[in-house]
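> Any chance you could fold what I've pasted below:
(one chain, ligands or ions: 1)
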Amino acid sequence: MTAAARRLSSVPAFDVDAIRADFPILARQVHGKPLVYLDSAASAQKPRAVIEAITRAYTDDYANVHRGAYYLSETSTVAYEAAREKVRAFINASSTAEIVFTKGATEAINLIAASYGRAFIKAGDEIVLTALEHHSNIVPWDLLRTATGCVIRVVPVAADGTVALSDFAASIGPRTKLVAVAHVSNVLGTILPIRAIADLAHAAGAKILIDGCQGIVHAPVDVRALDCDFYAFSGHKLYGPTGIGVLWAREALLDAMPPYQGGGDMIETVAFSGCTWAPLPAKFEAGTPPIVQAIGLGAAIDYVTAQDRDAVRAHEERLLAYATAQLGQIPGLRLIGTAPGKAAVQSFVMDGAHPHDIATVLDRSGVCVRAGHHCAQPLMEVMGVPATARASFAMYNTITEVDALVTALIKARELLT
Ligand code: PMP
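Sure thing, here's the model as predicted:
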């Protein structure tokens with residue numbers, strides 16, 4: 001057997017056509033051209049199983065949860081809580097008490113900043129971030145700094161998009177209370193060495209929060225193996241619906257934290273003389289929760305776990321390797337983010353063409369890419385660009401779609417430069 005054949009035989013089989021058939025939207029055309037959806041890092045398309053679970057929930061089983069004594073409220077509650085158990089198993093959390101449903105990762109991080117932050121982070125305490133963070137993992141800490149006088153330290157990002165462990169070691173110290181980092185960069189695809197960063201944080205007596213928006217999609221996540229303290233993600237990037245996200249935190253931390261919002265469902269008793277809180281996780285779920293969205297997320301988790309995740313990962317790696325090689329052939333195009341072992345997200349810029357114009361021209365060919373600062377303005381500054389165009393790949397993308405991207409880019413270059 002040749003080396004190339006050996007390599008191929010070690011790549012798990014993957015039937016991308018069968019996957020594509022599960023996603024109804026992929027069959028549609030845009031501007032008379034087949035849809036080439038390369039923006040899954042912003043939001044992934046939904047498989048039929050998720051769409052049907054949502055329809056079924058509204059058609060057959062819908063009522064408000066937790067408080068109803070009647071049949072439909074009970075079945076709705078069972079389905080909502082079953083989704084929580086699916087999330088627990090998906091990230092290997094110890095208990096469903098540790099799974100708080102939010103409307104997304106942004107709300108989850110704001111919850112930590114407002115609750116944990118205001119209770120436990122004081123003036124002069126330090127929060128360590130990296131220069132590649134999404135605004136969702138910057139702005140809540142800026143708000144906390146204004147409220148408390150805490151200090152934000154920023155770990156630098158190298159030109160290729162890597163973040164050195166030694167720079168974390170240099171930034172984390174006795175004043176560090178929290179290290180808050182992305183698992184995977186939404187702009188560069190860099191995968192951060194979470195377990196090693198967690199070890200550094202814990203050695204300094206600090207907690208660690210992972211913004212898992214892109215990490216949860218990329219590969220299986222085990223919050224206990226990562227040894228993190230908080231892990232936040234959004235359902236819509238994981239093939240689930242919008243309006244649902246997850247905050248996982250260690251039970252002892254959630255127990256110690258004050259409520260984030262007040263209202264129905266999060267109380268045990270209410271009196272004008274004072275209130276007491278419901279047990280976890282209800283303490284952090286004020287108001288009617290995103291019931292059907294949670295059920296949709298549960299269906300998305302079922303869909304993802306039914307796939308051979310090694311095969312999905314190998315497929316996405318193949319797409320990225322091919323895209324990297326092909327994009328590299330286009331004169332004047334520069335790749336932004338080339339860290340070794342990165343995830344299937346590729347930013348780029350082209351001499352003489354603004355990323356927004358590139359995205360607009362690509363759209364005429366049915367190719368969807370994102371352009372802009374990707375909610376990471378500090379990172380744009382580090383990379384020395386005002387914006388990038390970004391193609392991101394999911395399990396349903398194909399090599400033919402990478403070819404369509406490259407052909408459309410060559411056309412864009414002729415038009416724009
Ligand atoms: N962090 C990262 C790394 C992201 O990619 C995103 C979404 N672009 C977010 C946070 C925010 O997620 P959401 O808007 O779903 O709350």
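> Return the distance of the nearest residue to residue 336 once chain neighbours are set aside relative to residue 261.
Closest residue to residue 336 apart from its sequence neighbours, by Cβ to Cβ, 6 or more residues apart in numbering: residue 347 at 4.0 Å. Placement of C-beta: from N, CA and C, glycine included. Residue 347 is 35 Å from residue 261, where distance means Cβ to Cβ, to the nearest Å.
> more crowded one of the two?
residue 347 (32 against 13; other Cβ atoms under 10 Å).
> Are we agreed that that one is in a helix?
No: counting by DSSP: H, G, I helix; E, B strand; the rest coil, one finds residue 347 to be strand, located in no helix.
> residues touching residue 280, list them.
Residue 280 sits next to 97-98, 100, 251, 254-255 when contact means Cβ atoms under 8 Å, 6 or more residues apart in numbering.
> correction: residue 136
Residue 136 neighbours (Cβ under 8 Å, 6+ apart): 105-106, 109, 211, 213, 375.
> same deal with residue 95?
Counting by Cβ under 8 Å, 6+ apart, residue 95 touches 88, 251.
> Do you know the pLDDT at it?
On pLDDT, residue 95 comes in at 98.
> Restricted to strands, list the contacts of residue 136.
Among the contacts of residue 136, the residues falling in strands (DSSP state E) are residue 211.
> now the contacts of residue 136 as TSV including distance to the ligand and pLDDT?
Formatted as TSV, these follow (distance: Cβ to the nearest ligand atom, whole Å; pLDDT from 0 to 100):
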residue	distance to the ligand	pLDDT
105	4	98
106	3	98
109	7	99
211	5	99
213	3	98
375	6	98
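> Filter the contacts of residue 136 down to just the buried residues.
105-106, 109, 211, 213, 375 (16 or more other Cβ atoms under 10 Å).
> pLDDT score assigned to the spatially closest residue to residue 250 that is not a sequence neighbour?
Excluding the flanking residues, the one nearest residue 250 by Cβ to Cβ, 6+ apart is residue 229, at 5.6 Å. pLDDT, residue 229: 99.
> contacting residues around the residue lying closest to residue 42 once chain neighbours are set aside?
Nearest non-adjacent residue to residue 42, counting by Cβ to Cβ, 6+ apart: residue 370, 5.4 Å away. Listed by Cβ under 8 Å, 6+ apart, the contact set of residue 370 reads 39, 41-42, 359, 389-390, 392.
> swap the cut-off to 7 Å and go again
By Cβ atoms under 7 Å, 6 or more residues apart in numbering, the contact set of residue 370 is 39, 42, 359, 390.
> Let me see the contact set for the most centrally placed residue in the chain.
The centroid of the chain falls nearest to residue 213 when counting by Cα atoms, centre = their mean (1.1 Å). Contacts here follow Cβ under 7 Å, 6+ apart; on that basis residue 213 touches 105, 186, 233-234, 237.
> ok, now with 6 Å
Each residue near residue 213 by Cβ atoms under 6 Å, 6 or more residues apart in numbering is listed here: 105, 233-234, 237.
> Can you convert those residues into TSV and add a column each for secondary structure?
Below are those laid out as TSV (three-state DSSP):
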residue	secondary structure
105	helix
233	strand
234	strand
237	helix
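> SS state for residue 46?
What three-state DSSP gives for residue 46 is coil.
> pLDDT at it, what is it?
As predicted, residue 46 sits at a pLDDT of 99.
> picking up where we left off before, need the contacts of residue 280 in CSV with distance to the ligand and neighbour count, can you?
Output for these, formatted as CSV (distance: Cβ to the nearest ligand atom, whole Å; neighbours: other Cβ atoms under 10 Å):
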residue, distance to the ligand, neighbour count
97, 23, 18
98, 20, 24
100, 14, 25
251, 24, 14
254, 20, 21
255, 25, 12
